[in-house]
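K.L.:
okay, predicted coordinates and the sequence, questions at the end:
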Amino acid sequence: MMAPAVECRRCGASLSGKRRDARFCSAACRVGSHREEVGRVESIRADVVIDRPMRDALIEVGELSMQDEHDPAKVREAFEAMCRSFADRFA
């Protein structure tokens, strides 16, 4: 009789080949799951300068609209969203 397939609690990937008591497929999923549970998101320091090339990059990836590029609050919000997305993907 075969054991039931076990999946990662965060992304649903197979855990075949992992330890019998594994709950996540990778460290990124384990850390991401913890951050989601505690609701912690690192905020961007107030003294971080988001310059023109960074605003252009935010517009290019779709995080910021051209109409909002001169609104500091919207730029900071778009930058934080991009940082969270990056952390979720690579952390």
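P.N.:
Ah, there it is.
K.L.:
would you mind measuring from the residue positioned nearest the centre of the chain to V49?
P.N.:
Residue closest to the average C-alpha location in the chain (C-alpha atoms, centre = their mean): D88, at 2.2 Å. Distance, D88 to V49, by C-beta to C-beta, to the nearest Å: 24 Å. Using the backbone N, CA and C atoms, a C-beta is placed for each residue, glycine as well.
K.L.:
my guess is R30 meets K18, correct?
P.N.:
No. Contact criterion C-beta atoms under 8 Å: R30 and K18 do not qualify, at 11.5 Å.
K.L.:
quick one: the helices in this protein?
P.N.:
For the chain, the helices defined by DSSP state H occupy 27-38, 52-60, 72-90.
K.L.:
what angle sits between the second one and helix 72-90?
P.N.:
For helix 52-60 and helix 72-90, the angle between their directions (axes from the mean of the first three to the mean of the last three C-alpha atoms, to 10 degrees) works out to 70 degrees.
K.L.:
how about helix 52-60: buried residues?
P.N.:
For helix 52-60, burial by neighbour count (16 or more other C-beta atoms under 10 Å) applies to M54, R55, L58, I59.
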